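Participant: fold the following and give me the result.
(one chain, ligands or ions: 3)
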Amino acid sequence: MVQTQIQMPELGLLPTTFTKVKPAVTETIREITITPTDHIDTWSPDSWRTKRAAQAVEYADKDALEETCAYLRQLPPLVNPSEIEQARAQLYHVALGRAFVIQGGDCAESFHDIKYDIIKKKVELLRQQSEVLEEALGMTVIPLGRIAGQYAKPRSNPFETLPSGEKIHAFRGHNVNSEDPNRRQPDPNRLLLGYFYAAASQNTIRHVSTHSAPSAGKTPGKSFLYTSHEALHLPYESALTRDHYNLSATTIWLGERTRQLDGAHVEYARGLRNPIGVKVGPTATADEVVAILNALSPDRSQCGKVTLITRMGCGRVRSVLPPIIRAVQLSGHVPIWMCDPCHGNTFATSTGVKTRRAEDLLQELKETYIAHRSLGSRLGGIHLEQTGEDVTECMDGERTTCEEDLGQCYQSLCDPRLSREQALWLVKQFGEFVKNYQHEA
Ligand SMILES: O=C[C@H](O)[C@H](O)COP(=O)(O)O
Ligand SMILES: C=C(OP(=O)(O)O)C(=O)O
Ligand SMILES: [Mn+2]
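Facilitator: Ligands and ions are numbered 1, 2, ... in the order given. Reported below is the predicted structural model:
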């Protein structure tokens, strides 16, 4: 464990430069009421503290947490504001249907995987996927890693019970605790480890990009791929926020369990310049999604500022997605629509192992693509849990065909990831499907 000398800066002295949004009249477009907000000037990197934070981590020693965050506030940024602005500019084109995004990586990155070869394989997988998609879709594809900071997890149940009857914290990601049942107490020092592992990962990504990218993509020092993670742990995220930039990643997202309109996560994200993703599951209503867009992007001209990452589950898309797409179209917002075919298709085997079927993932991608096309909307990206390793965590028709096969190489700390081969298969199949669809249309 790292030893740190904590210096306590005065809290509350963070820079606060605001753009005051003019109060505007309330307007109604068809059935949907939009109230442009004039409350951005009440935002600060810490204004979320007045709201309820779902999935918040309970630390035994709250002072130790605050001391760690005070230390994090003094550390250098992990990404530059210019990179965030560049991503915003590129995502604008995605929202308008001129480019596409492939976002992928671990469900929960492991500190043990911060190794050159493992990171390199993740980066190369994303590059290969973007090449496959560029060829199939005939447009630029922007790779975006769930990488260099995906260290905090929401869980269905905050505790688990051991066979002995002892109740322990659930594993909440390496920024919070260990997967080892004997070391589940949340430890704030892990946030510092997370920061330094994220920095090492960023460094490796830049190195891999400079040394193994095709010559056209080589820009020394420039990251080949943008980084992202779920902004779950708000004390950590806000400690790495300067002015209106979260400098821990290019883009962050809000999870299905933390996107409450009146909650702390929406409050935190609404003041950021970073592109923001929001997971949208099958219980989301159209009004709720429009209200989230109003909160995160009150200025509706900010095309691509918000990415709606739908994760409905195959078979459910046709009934739940179209009303949401329609309501967003009528609202005047122009978000990016992305499909995460993973989280609505997880199931546990008879022995309690979490898995997914690659075929179900492909099916949800197809259903989502068709839902957008039939409403004149556009699917702008795919979001996958995957790794560059040869794991056996998801089922396919080839190597991992049954429950027994999952045991061969199941290493995930949380949700099952597609192996390199499965992840490539999926984007190739999707690319073929789009080509045929466009040909027939
Ligand atoms: O990655 C997502 C969530 O953390 C995960 O799906 C929750 O899984 P659980 O139901 O095992 O807690
Ligand atoms: C927690 C996740 O997903 P969701 O919020 O969609 O359940 C995730 O992406 O790992
Ligand atoms: Mn997951």
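
Participant: ok, and the closest non-adjacent residue to residue 313?
Facilitator: The spatial neighbour of residue 313 that comes closest, neighbours along the chain excluded (C-beta to C-beta, 6 or more residues apart in numbering), is residue 344 at 3.0 Å. Glycine gets a C-beta too; all of them are placed from N, C-alpha and C.

Participant: show me what contacts the one you found?
Facilitator: Residues near residue 344 by C-beta atoms under 8 Å, 6 or more residues apart in numbering: 281, 282, 311, 312, 313, 314, 316, 364.

Participant: tell me the SS of residue 312?
Facilitator: Following DSSP: H, G, I helix; E, B strand; the rest coil, we place residue 312 in the coil state.

Participant: can you tell me which residues contact it?
Facilitator: 281, 282, 320, 321, 344, 364, 368.

Participant: ok, residue 292 next?
Facilitator: The neighbours of residue 292, taking C-beta under 8 Å, 6+ apart as the test, are 259, 261, 266, 278, 306.

Participant: rerun at 7 Å
Facilitator: Residue 292 is in contact with 259, 261, 266, 278, counting by C-beta atoms under 7 Å, 6 or more residues apart in numbering.

Participant: for the strand or helix carrying the third one, which helices and strands make contact with it?
Facilitator: The reference is to residue 266. Taking DSSP states H and E as the definition, one finds residue 266 inside helix 264-269. Contacts defined by 3 or more C-beta pairs under 7 Å, 6 or more residues apart in numbering; DSSP states H and E place helix 264-269 against helix 234-239, strand 251-254, helix 286-296.

Participant: how about stretch 147-161 and ligand 2, touching?
Facilitator: Yes: Stretch 147-161 reaches ligand 2 (C-beta under 6 Å from any ligand atom) through residue 154.

Participant: close to ligand 1, is that stretch?
Facilitator: Yes: contact of stretch 147-161 with ligand 1 (C-beta under 6 Å from any ligand atom) involves 153, 154, 155, 156.

Participant: right, and the second one touches residue 232 too?
Facilitator: Just to be clear, that refers to residue 154. Yes: contact criterion C-beta atoms under 7 Å: residue 154 and residue 232 qualify, at 5.8 Å.

Participant: tell me, what's the model's pLDDT at residue 399?
Facilitator: Note for residue 399: predicted pLDDT of 89.

Participant: give me the three-state assignment for it.
Facilitator: Assignment for residue 399 (three-state DSSP): coil.

Participant: and it, how far is that from ligand 3?
Facilitator: Residue 399 is 22 Å from ligand 3, where distance means C-beta to the ion, to the nearest Å.

Participant: and for residue 162?
Facilitator: Residue 162 is 23 Å from ligand 3, by C-beta to the ion.

Participant: show me what from the stretch 101-250 of the chain comes close to ligand 1.
Facilitator: Checking the stretch 101-250 of the chain against ligand 1 by C-beta under 6 Å from any ligand atom, the hits are 107, 153, 154, 155, 156.
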